[in-house]
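J.: Generate coordinates for the sequence data below:
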Amino acid sequence: MQFMLLFSRQGKLRLQKWYIPLSDTQKKKISREVIQMVLARKPKMCSFLEWRDLKIVYKRYASLYFCCAVEDQENELITLEIIHRYVELLDKYFGSVCELDIIFNFEKAYYILDEFILGGEAQETSKKNVLKAIEQADMLQEEAEAPRSVLEEIGLT
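T.: Numbers count the residues shown, from 1 in each chain. All right, here's what the predicted structure looks like:
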């Protein structure tokens, strides 16, 4: 996978993950171009399209488009499955994910994506394992943020 974009029906970019090195200018240009292409397509059209030397695979869930660019020889159906798996992980974590969850908890959305995909390849296919890792990270964060007394900090309790 070269990159993943999440954007709204209005074309607002909500999340972007790049697995190839590009300048910010190139990323903006590519994002704008891909978003315009996907939004111009009719709902009954195929979710795959050829663009430059890549395949764009996208799926719309409610008001969000999940879009991936993969190499020409990659399997589009596996890419659709990866998109669907990511949406399922978001649904499990947020409880029926919506665009606002992504906007206000973007760091969690990125973290879930990073637990699932590493370097453009699916690293963990088990939803249970990904969710367990996220729960453990949440518990560590809660422990770190929990207020402690002065005596606890210096080790006297």
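J.: Residue 26: how many residues sit nearby?
T.: A count of nearby residues for residue 26, using other CB atoms under 10 Å, gives 12. C-betas here are computed from N, CA, C, even on glycine.
J.: now do the one 3 residues further on
T.: Burial of residue 29, expressed as a neighbour count using other CB under 10 Å, amounts to 12.
J.: Equivalent analysis for residue 110, please.
T.: 14.
J.: buried stuff in the host helix or strand of it?
T.: Using DSSP states H and E, residue 110 falls within helix 106-116. Neighbour-count burial for helix 106-116 flags 108, 109, 111, 112, 113, 115, 116 (criterion: 16 or more other CB atoms under 10 Å).
J.: The first one contacts residue 93, doesn't it?
T.: Okay, so that is residue 108. Yes - the pair residue 108 and residue 93 passes the contact test of CB atoms under 8 Å, sitting 6.9 Å apart.
J.: Could you pull out the residues contacting both of those two?
T.: residue 134 (CB atoms under 8 Å, 6 or more residues apart in numbering).
J.: Residue 121 bridge partners, please.
T.: Beta-bridge pairing for residue 121 (DSSP bridges): residue 118.
J.: Quickly note the distance from it to residue 56.
T.: Computed with CB to CB, to the nearest Å, the distance linking residue 121 and residue 56 is 18 Å.
J.: More neighbours: these two, which one.
T.: residue 56 (24 against 9).
J.: does the more buried one sit in a helix, a strand or a coil?
T.: Three-state assignment for residue 56 (DSSP: H, G, I helix; E, B strand; the rest coil): strand.
J.: correct me, but it touches residue 49?
T.: Yes - with contact defined as CB under 8 Å, residue 56 reaches residue 49; the gap is 4.9 Å.
J.: Now the common contact residues for those two.
T.: Common contact partners of residue 56 and residue 49 (CB under 8 Å, 6+ apart): 37, 38.
J.: Just give the nearest non-adjacent residue to the residue nearest the centre of the chain, would you?
T.: Against the mean C-alpha coordinate of the chain, by CA atoms, centre = their mean, the closest residue is residue 113 at 4.7 Å. Nearest non-adjacent residue to residue 113, counting by CB to CB, 6 or more residues apart in numbering: residue 17, 5.9 Å away.
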